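Undergrad: Next comes the sequence, and after it the predicted model I'd like to discuss.
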Amino acid sequence: MSNLAHRGSLRERVAAAILESAAGVLAARDQASMGDVAEAAGVARATLYRYFPTREALLEEIGRFALDETGDRLEAAGLERVPVADGFERAVRTLVGVGDHFVVLVRQRAEAEQEFERRIVAPLRTLIARGQEDGEIRDDVPAAWLIESLLALVVTVLPSAPTLGPEDTVHVITRLFLHGARGPRGSLDA
């Protein structure tokens, strides 16, 4: 269970448990219904609606948690203090660590585009720019494309991650991204 489920009152813990289940269901099936969420959470639909009166309210809360958690973790990762390849490994570990919540956030990010840009895209853009300046990351492709490619890799690979395990998931995503993003002079050893 995420950090979300370990703090607060009983009501907050129940809400967190519902959010955890909802994130898993919605990451696996973007169009999952509130009934699917209630079933996965082990609560009655009426209980689910007491906590989250609409699907939009549920998605908004998952997105808010994922945005805060991802932004805080990226900030703490020290991407600017390590070599580019290590920075990408740390960034991917952060995104994978937020897990299903992050998958839902990326799919729903239009709702919080400015904060998503500031807290998640900006640190990744800075890392890519540094790699492009050093010749380690290809510069024949706009940074925005590289960012979207990285996010797409995470969102695509993460739902199958339980078969890989967290570290193998980080490794696969990082290697796949970096080998496709390597510049003509660069040699990333990630």
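TA: Nice, thanks for sending it over. Numbers count the residues shown, from 1 in each chain.

Undergrad: which ones are touching residue 77?
TA: Counting by C-beta atoms under 8 Å, 6 or more residues apart in numbering, residue 77 makes contact with 87, 90-91, 93-94. C-beta: built from backbone N, CA, C; applies to glycine.

Undergrad: would TSV of these with secondary structure be doable?
TA: As requested, the contacts of residue 77 are exported to TSV (DSSP: H, G, I helix; E, B strand; the rest coil):
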residue	secondary structure
87	helix
90	helix
91	helix
93	helix
94	helix
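
Undergrad: ok, so of those residues, who is nearest residue 75?
TA: residue 94 (9.5 Å; C-beta to C-beta).

Undergrad: Does that closest one touch residue 74 like I think?
TA: Yes - using C-beta atoms under 8 Å, residue 94 makes contact with residue 74 at a distance of 5.3 Å.

Undergrad: Check the offset of the longest helix along the chain from the chain's centre.
TA: In the chain, taking DSSP state H as the definition, the longest helix is helix 55-76. Computed by C-alpha atoms, centre = their mean, to the nearest Å, the chain-centroid distance of helix 55-76 equals 9 Å.

Undergrad: got the buried residues for that helix?
TA: 58-59, 61-67, 69-71, 73-74 (16 or more other C-beta atoms under 10 Å).

Undergrad: Show me what it is in contact with.
TA: Against helix 55-76 from outside (C-beta under 8 Å, 6+ apart): 2-4, 15, 18-19, 22-23, 26, 33-34, 37, 48, 52, 91, 94-95, 97-98, 101-102, 104-105, 108-109, 111-112, 115-116, 118-120, 123-124.

Undergrad: same thing but 6 Å
TA: With C-beta atoms under 6 Å, 6 or more residues apart in numbering as the test, helix 55-76 has contacts from 4, 19, 22-23, 34, 52, 94, 98, 101-102, 104-105, 108, 112, 115, 119-120, 123.

Undergrad: Kindly supply the ChimeraX command isolating those of the residues you listed that are buried.
TA: Here is the ChimeraX command that picks out the buried ones among the contacts of helix 55-76, judged by 16+ other C-beta under 10 Å:
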select :4,19,22,23,34,52,94,98,101,102,104,105,108,112,119,120,123
